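Chemist: Give the three-dimensional model of this entry:
(chains A, B and C)
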Amino acid sequence: MGPGPGFEPGLGDPQPQNALFGQQAFQKPQNQKTKNSLPATIQGNSNESDRYIITKKHVDLLLLELKANNVAQHHLNFVTRTIQRFLDNTTNHGEYWSFTVEDLISHLQKIQKQYSPSFYRKNVTYLKKLFRIAGIPLENHLKTPRYIGVDMTVITLRDVQNLTKTIQKLQLARDPELSDLIANKMILGLLIMATGGLRVYELTSLPLSYIDITKRTISVPPEVAKTGQPRMTFITPEVQALLRKYVKKYEPNPNEPVISYFSLEKPFIRKQELANQPIRPKHMRKFFSQEWDRRNGNATVKKLLMGHSIRGDINALHYSHHTPESLQRVYDKVFGKLKFNVKLL
DNA sequence: ACGTGAAGTATATGCTCCTG
DNA sequence: CAGGAGCATATACTTCACGT
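Modeler: Residues are numbered from 1 along each chain as shown, chains lettered A, B, ... in the order given. Prediction:
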């Protein structure tokens, strides 16, 4: 186990208090009449009673854009709330809303005071987006504060094994909240992510039928892949065997994912033994990435399997001649012998 | 078993500046 | 001047905590 999850608390969030307006706005002293005055660019072409307009159409366009991008419902809800919260602090005129710079400032200050820096940041981000759509020239004056939060967890084969053992211990204890079925689903799901490099979200929305157990391939279709780019990845012979056993025993619906998001996540929150673990489902993908490196796997192939962007990677772009077969050959060379020694109970 | 809102984080893309 | 390093920003996924 490495330094543990989480991030250096000291490194993050440079004083959000000053983050309301971008650097440029504060850099020119002549723009600041008093401590609380507004940037000249805003004052210059507007007086205090100038009002900006947001119409229903603007909001619809923003949401449409997100929908067109196929974002998760959860995320769409979040953006909707964010916009609504802002509009609630403006003047409603029926089909449109109007606000002044002062309204905006007081709204953002409220958010800043009440919520986390990350929440504040996201509010600014999506309000900017709305303003862009509405042609409101405030965008350049809004700065999203930076933050640092990188999960430096080192995760080894043993960590994954410990995790599966913990789950099986609960399973053996006949925990009423963790049936055999769920425990087995969890273990399979975790190992599929660990050996295929899938994201949690991808795993829990990928129908089982997209995993070809005989060939050991996983095809991730565009609507499942985070990037919208379809890709192919693989599982190890060990996981293949586990999957076979699982399918035989439970005959799961091939149109359903191996495990649902809730079944996978809940035990990690509800069960003390799992909640105390520093390892989470998302770390399985991390394991994949780290283990691949430990085994000196080819970096370009890793990118392709994980579905990372290959922008600016000339080398990778020329890898387009990689066929599924050649990818699998590389995969097997690196991960063919990877074993967790897990048995389904 | 599923919902919801907030907090946290991963990763793509943008931008600037530099170098062979 | 293409290509890349390095940082900033945009964007959306993941986890947590508290519900029903």
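Chemist: First-to-last residue distance for stretch A:244-255?
Modeler: 16 Å (Cα to Cα, to the nearest Å).
Chemist: ok, now how distant is the nearest residue to A:F288 once chain neighbours are set aside from A:F268?
Modeler: In this structure, A:F288 finds its nearest non-sequential neighbour in A:G197, 3.9 Å apart by Cβ to Cβ, 6 or more residues apart in numbering. For the C-beta atoms, the positions are set from N, CA and C on the backbone; glycine is no exception. Remark: distance between A:G197 and A:F268 (Cβ to Cβ, to the nearest Å) = 20 Å.
Chemist: Which one of these two is surrounded by more residues?
Modeler: Neighbour tally, A:G197 and A:F268, criterion other Cβ atoms under 10 Å: the higher count belongs to A:G197, 28 against 17.
Chemist: Surely that one touches A:M306?
Modeler: Yes: A contact is recorded between A:G197 and A:M306 when judged using Cβ atoms under 8 Å, the distance being 4.5 Å.
Chemist: Of all residues in the stretch 1-150 of chain A, which one is closest to DNA strand C?
Modeler: Sorted by distance to DNA strand C under Cβ to the nearest atom of the strand, the residues of the stretch 1-150 of chain A start with A:A72, at 3.2 Å.
Chemist: What strand or helix carries the residue in chain A positioned nearest to DNA strand C?
Modeler: When Cβ to the nearest atom of the strand is the measure, chain A has its nearest residue to DNA strand C at A:Y201, with 2.1 Å between them. Element membership of A:Y201, judged by DSSP states H and E, is helix A:200-203.
Chemist: So for whichever helix or strand comes after that helix, mean pLDDT?
Modeler: Next helix or strand after helix A:200-203 toward the C-terminus (DSSP H and E): strand A:211-212. Summarised as a single mean, pLDDT over strand A:211-212 is 91.
Chemist: so what strands line up beside strand A:211-212?
Modeler: Strand A:211-212 has its sheet partners listed here by DSSP bridges as strand A:217-220 (antiparallel).
Chemist: The partner strand: what's the following helix or strand?
Modeler: Tracing the chain past strand A:217-220, the next element assigned as helix or strand by DSSP H and E is strand A:231-234.
Chemist: now check that following strand, is it near DNA strand B?
Modeler: No: for strand A:231-234, no contact with DNA strand B is found by Cβ under 7 Å from any atom of the strand; the gap never falls below 10.5 Å.
Chemist: For the helix holding A:Y201, list the C-alpha coordinates in PDB.
Modeler: What follows is the C-alpha trace of helix A:200-203 in PDB, where atoms were taken according to Å, rounded to 0.1, in the frame of the first residue of the first chain:
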ATOM      1  CA  VAL A 200     -16.400   1.900 -12.900                       C
ATOM      2  CA  TYR A 201     -18.900   3.600 -15.000                       C
ATOM      3  CA  GLU A 202     -18.000   1.600 -18.000                       C
ATOM      4  CA  LEU A 203     -18.200  -1.700 -16.200                       C
END
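Chemist: Going by neighbour count, which residues of that helix are buried?
Modeler: Along helix A:200-203, the positions that meet the burial threshold by neighbour count (16 or more other Cβ atoms under 10 Å) are A:V200, A:E202, A:L203.
Chemist: do stretch A:69-85 as well
Modeler: Those buried within stretch A:69-85 under the rule 16+ other Cβ under 10 Å are A:F78, A:V79, A:T82, A:I83.
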